[in-house]
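> sequence plus the predicted model coming up.
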Amino acid sequence: MQISQSHRKAAAWAAIAYIAIQSFQWYAFSVMPAEGTPEASLLAGASTINLARAMTMLSAFFFLFYLFLITCATNVRRAPIASIAAFVGLFVFCLLEVVLRSIELFWVYLALPAKFAAADVAGRADILALHETFYAVQGAVYFPLGLVQLIASVLLAATLRGPWSVWARAAFAINALRLGLRMLDVYVIGPKFDAVYDVLYLPLVYVVFGGIAVWLWKGRETA
C-alpha cells in the first residue's frame, strides 16, 4: 500500500492538532478551580472552559485515528502483521476514548449538573453517586485502553524503518515506556507519582507526537 506524501503531511498536521488540543487542555486545567467538594466538582463540569476542553479533547481522537491509520498503512508493506496488529490496538484505543469522552461530555458535564440543580436532597445524593461511579468505571477501563496502546507502540517502535524513522521509533518507544510506568504506578503499586506525571504529561505529548510529525513530514515510505 503506497501512501502519498499528501496523506503523510495531513497526518503530520493531525499530530500537530493533537498537540495543540492537549496544550489547551493543560491551560484549561491551570485556570479552572482546584477540585473541592463532590458537589463543586460535579457543577464545575458545566463551566464554559471545561466544556470547551471536553469538546476539543473528544475531537482529538478523530485526529489521532487518522494519524494512526496513516502511520500503520505506511509500515504495512514492510511489517504487515505488526502493522495490522498495531492498528487494531490503536483503533480500539481511539474507540474507547471516544466512547468515554462522549459519555463524559454529554452525560457527566451537560446532563448531570442540570439534574443536580433541579433535584431534592435525596436525588442529589443519587446523582453524586452516579458521578463517582462513572469515574471509578473510567479508571478501570483505562487499563485495557492503555495496554492496547502500549502494545501497539512497541510494535511500531520495533518495525518502523526508512528515512527519518528514528524520530518515530523513538517517539513510540518513549510512549510505550510512559504507558508502562504509568500503568505500573496506577494498577500495581498504587498511584504514588501523580504529581510527577502531571508535570511531565504535556512535555511528553510534545516529544511523542512531535517526533511522529517530523517523521511523517520529512520521511517517505520504503518497502
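Perfect, thanks for sending it.
> which helix or strand contains residue 192?
Assigned by DSSP states H and E, residue 192 belongs to no helix or strand.
> residue 136 now?
helix 121-159.
> tell me which other helices or strands the helix or strand harbouring residue 112 touches.
Using DSSP H and E, residue 112 falls within helix 112-118. Helix 112-118 is packed against helix 38-44, helix 121-159, with contacts defined by 3 or more C-beta pairs under 8 Å, 6 or more residues apart in numbering; DSSP states H and E. (Glycine included, C-beta is placed from N, CA and C.)
> right, and those helices - which one's nearest residue 5?
Nearest to residue 5 among these is helix 121-159; the distance by C-beta to C-beta comes to 19.8 Å.
> just the buried positions in that closest one, please.
Residues of helix 121-159 classed as buried: 124, 127-128, 131, 134, 142, 145-157, 159 (neighbour count, 16 or more other C-beta atoms under 10 Å).
> what's the answer for stretch 179-189, then?
Across stretch 179-189, burial judged by 16+ other C-beta under 10 Å covers 179, 182, 185, 186.
> how far does the helix or strand just after the helix holding residue 136 sit from its chain's centre?
Tracing the chain past helix 121-159, the next element assigned as helix or strand by DSSP H and E is helix 165-187. Centre-to-centre, helix 165-187 and its host chain are 13 Å apart (C-alpha atoms, centre = their mean, to the nearest Å).
> just checking, what packs against helix 165-187?
helix 121-159, helix 194-218.
> for residue 216, find the nearest of the helices and strands packed on helix 112-118.
helix 121-159 (12.5 Å).
> how far off helix 194-218 does the closest one point, in degrees?
Orientation of helix 121-159 against helix 194-218 (axes from the mean of the first three to the mean of the last three C-alpha atoms, to 10 degrees) gives an angle of 50 degrees.
> next one: helix 121-159 to chain centre, how far?
The chain centroid and the centroid of helix 121-159 are separated by 11 Å under C-alpha atoms, centre = their mean.
> dump the helices and strands packed on helix 112-118 to a markdown table, plus mean pLDDT and distance to residue 69.
A markdown table is the format used below for the helices and strands packed on helix 112-118 (pLDDT from 0 to 100; distance: least, C-beta to C-beta, whole Å):
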| stretch | mean pLDDT | distance to residue 69 |
| --- | --- | --- |
| helix 38-44 | 92 | 35 |
| helix 121-159 | 96 | 12 |
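> quick one: which of these is nearest residue 110?
When those are compared by C-beta to C-beta, helix 38-44 sits nearest residue 110, at 11.8 Å.
> for stretch 31-44, buried residues please.
41, 42, 44.
> quick revisit: got TSV for the helices and strands packed on helix 112-118, with distance to residue 53 too?
Output for the helices and strands packed on helix 112-118, formatted as TSV (distance: least, C-beta to C-beta, whole Å):
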stretch	distance to residue 53
helix 38-44	11
helix 121-159	16
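> how about these, which one is nearest residue 59?
Of all those, helix 121-159 sits nearest to residue 59, with 17.9 Å by C-beta to C-beta.
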